[in-house]
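Asker: model the structure of this input:
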Amino acid sequence: MPKPATRSESVSDSAEGLGGVTAATDIADMVNDACQKAVDVLRSELLKMFSDIISRVETVERHLESMQQRLVTLEGNGTGTGMDSTQPQLVNELSMELEAVRAETRETLLVSNDNEQYSRRNNVRLCGLKPEASEDCRAAAVRFIKNTLHVPSVSEADIDVAHMTAGSVQSTASQQKRPTMLVRFCRRDARDLVIRSRRILKGTHFAVTEDLTMLNVKTMNRLRNHEQVRSTWSWNGKIFAILSNGKKALVRPFQPIDELLRS
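Answerer: Below you'll find the model as predicted:
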């Protein structure tokens, strides 16, 4: 017949169980701290990269402005007093250098844009959503995701931060007048699940959009207003369009629509 456990043995077993729970909690906290530190380091490196790129762009712009002034001066001299034999060649060289600097500036902006968009990869904008009285933004976002988007697997633990913004410049004119909440998820798969569920919002006053950079927003607006573009959308920070010829195209900032139609 098995001997019944004494009180001291029961207390010991309970302590061991609590110790296991405490150890698991400590490990989870350590993992979370390590992940947060890694995110902070990545954010710091990206900010430094952006600062370096901005500095380079400003230098190139100053060089560009100086060359434009020199070119205008030379052209003015040619019109008023006549150019010597070397000035036309110099004007041509300056024009070529000017185009090279413009191309370099554009390429630098593209690199900066890609890095900034990558830093927003876990973000979404919830247009038309506003917290209720005494409700914080994280709770409001989860309520909207569960009840309106019908995604029950997302909880507050999946959201890193949520806050209201002044407005969404990347939405249509009617959407810009609505309240907009910026939500940053801890994991990209949770964010992608929300993005994929946004079709259910068609015909409502709500909208779910990616958190695009200003340059990508301008690209989207340029496509929307172009007569040769039927529709446009974004996915993971990349801009796509259906052209008038029925072709689906990946569109980069500054890329001419005519070039896409010819390719």
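Asker: contacts, neighbours, all on C-alpha from now
Answerer: OK.
Asker: quickly list the domain ranges of this structure.
Answerer: 45-119, 121-211, 212-263 (automatic domain parsing).
Asker: for Ile27, find the nearest of the ones you listed.
Answerer: domain 121-211 (16.9 Å; C-alpha to C-alpha).
Asker: any idea how far apart the tips of that closest one sit?
Answerer: Domain 121-211 has an end-to-end distance of 8 Å (criterion: C-alpha to C-alpha, to the nearest Å).
Asker: picking up where we left off before, out of the domains of the chain, which is closest to Met30?
Answerer: Of the domains of the chain, nearest to Met30 by C-alpha to C-alpha is domain 121-211, at 16.1 Å.
Asker: make TSV from the domains of the chain and add mean pLDDT to it.
Answerer: Output for the domains of the chain, formatted as TSV (pLDDT from 0 to 100):
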stretch	mean pLDDT
domain 45-119	71
domain 121-211	88
domain 212-263	92
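Asker: would CSV of those domains with distance to Met30 and mean neighbour count be doable?
Answerer: Below are the domains of the chain laid out as CSV (distance: least, C-alpha to C-alpha, whole Å; neighbours: other C-alpha atoms under 10 Å):
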stretch, distance to Met30, mean neighbour count
domain 45-119, 23, 14
domain 121-211, 16, 17
domain 212-263, 30, 16
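Asker: Serialize those domains to a markdown table and add fields for distance to Ile27.
Answerer: Converted to a markdown table, the domains of the chain look like this (distance: least, C-alpha to C-alpha, whole Å):
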| stretch | distance to Ile27 |
| --- | --- |
| domain 45-119 | 27 |
| domain 121-211 | 17 |
| domain 212-263 | 32 |
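Asker: so where do the helices sit in this protein?
Answerer: Ranges of helices in the chain, per DSSP state H, are 7-80, 87-119, 137-147, 173-176, 188-196, 214-224, 257-262.
Asker: report the angle between the fifth one and helix 137-147.
Answerer: Yep, that's helix 188-196 we're talking about. Angle, helix 188-196 to helix 137-147, by axes from the mean of the first three to the mean of the last three C-alpha atoms, to 10 degrees: 60 degrees.
Asker: so what touches helix 188-196?
Answerer: Residues from elsewhere that reach helix 188-196, judged by C-alpha atoms under 8 Å, 6 or more residues apart in numbering: 121-124, 145, 149, 151, 154, 158, 185, 208-210.
Asker: cool, the third one as well?
Answerer: Contacting residues not belonging to helix 137-147 are listed as 129-132, 151-156, 159, 161-164, 181, 183, 194 [C-alpha under 8 Å, 6+ apart].
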